[in-house]
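Visitor: just coords:
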C-alpha cells in the first residue's frame, strides 16, 4: 500500500511568486490535512479537507489556500510568497473514522523563498 | 481548545539507558493522543496512539506511553535507548471534528 506522496520534495521560489504543492493521500483516505513546520513556530495546522470540502482552517492569512479533488488528492497554494513562508510543508492523510483516526504523513515539501 | 506541552525541549541519554519524554495535554473533550517521531529531513512516523482503550499503550521500536487522566499526562518511555532513537518526538492531541494539535517537540540525543 503506497504511503502519502508529496511533490515536489524541494522548491526554491522568489519573493512575490506563487507556489502550488501537491499531496496524494493513501488510497481510501478521504481526509487530507496540511501543516507548516518551521524551527521557530514548530508544526502549525493550515487546513483540512474532507470529501472535497474544507472542514477546518488554522490561523494563516488568505495567501494560503487549498483544495481537494474527487480522488482525494489535495493541493495547497501560497500566493505572494514572503521570506517567512520558507518551511517544510507536511501533508497528512487519514481515514476519518472517529476516535480511531490516526494521521499518516508524507515526507514533506521543503520550500525556500529567496 | 486543545493544547500540548512537552516539558523538555531536549533530552540527552546514554545508549542502553531508559528514555522518558514528558507530555501534558489540555482538552475539553476526551482526546485521542499520539506520539510521532521525526528523523532529520524526514516526515513524521507514528510511534503509538491512545484512543480510550488500555491506558498503557505499546508502540513500535520498544516505546510505550501511559495515559493518566488525573495528571493529564501521556509520557513516552523506552527501557533502553538505541542510537537510532535519536530524533525529534512530538506529542499530539486530536479531537474528532477538529485538527491535530502538536506539542513543540523534544529532541532526543543518544550518546554512545
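Guide: Received, thanks. Bear in mind that the values here come from a model prediction, so they are computed numbers and not experimental data.
Visitor: contact partners for the residue positioned nearest the centre of chain B?
Guide: Note on chain B: the residue nearest the mean C-alpha position is residue B:35, at 3.6 Å, using Cα atoms, centre = their mean. Residues in contact with residue B:35 (Cβ atoms under 8 Å, 6 or more residues apart in numbering or on different chains) are B:21, B:23, B:46-49, B:59, B:63, B:65, B:74, B:76, B:89-92. C-beta coordinates here come from the backbone N, C-alpha and C atoms, glycine included.
Visitor: show me which of those residues neighbour chain A.
Guide: B:46, B:49, B:90 (Cβ under 8 Å from any Cβ of the partner chain).
Visitor: show the low-confidence segments of the chain, by residue range.
Guide: I went with chain A, as the question did not name one. Across chain A, the ranges flagged by pLDDT under 70 are A:1, A:97-100.
Visitor: actually it's chain B I care about, not the one you picked
Guide: For chain B, the stretches with pLDDT under 70 are B:95-98.
Visitor: what residues does it have near chain A?
Guide: By Cβ under 8 Å from any Cβ, the residues of chain B that approach chain A are B:30, B:32, B:34, B:36, B:42-46, B:49, B:51-52, B:90, B:94, B:96-105.
Visitor: spatially nearest residue to residue B:40 (excluding sequence neighbours)?
Guide: Spatial nearest neighbour of residue B:40, excluding adjacent residues (Cβ to Cβ, 6 or more residues apart in numbering or on different chains): residue B:87 at 7.6 Å.
Visitor: in this structure the one you found contacts residue B:39, no?
Guide: Yes. With contacts counted by Cβ atoms under 8 Å, residue B:87 reaches residue B:39, the gap being 4.7 Å.
Visitor: those two: which has the busier surroundings?
Guide: Comparing residue B:87 with residue B:39 by other Cβ atoms under 10 Å in any protein chain shown, the one with more neighbours is residue B:87, at 20 against 13.
Visitor: now for that one: which residues touch it?
Guide: Contact analysis of residue B:87 by Cβ under 8 Å, 6+ apart lists B:37-40, B:107-108.
Visitor: could you do residue B:111 as well?
Guide: Taking Cβ under 8 Å, 6+ apart as the test, what residue B:111 contacts is B:12-15.
Visitor: so where do the strands sit in chain B?
Guide: For chain B, applying DSSP state E gives strands covering B:3-6, B:10-14, B:19-21, B:23-26, B:32-38, B:44-50, B:56-58, B:64-68, B:73-78, B:87-94, B:100-102, B:106-111.
Visitor: for chain A, same thing?
Guide: Along chain A, the segments classed as strands by DSSP E run A:5-7, A:10-13, A:19-24, A:31-38, A:42-50, A:53-57, A:64-68, A:74-78, A:87-94, A:104-105, A:109-113.
Visitor: who does the shortest one pair up with?
Guide: Yep, that's strand A:104-105 we're talking about. Here strand A:104-105 is paired, per DSSP bridges, with strand A:87-94 (antiparallel).
Visitor: repeat that for the longest one.
Guide: Here the strand partners of strand A:42-50, with direction, are listed using DSSP bridges: strand A:31-38 (antiparallel), strand A:53-57 (antiparallel).
Visitor: export those strands to CSV and tack on mean neighbour count?
Guide: Compiled in CSV, the strands paired with strand A:42-50 are given as follows (neighbours: other Cβ atoms under 10 Å in any protein chain shown):
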stretch, mean neighbour count
strand A:31-38, 23
strand A:53-57, 14
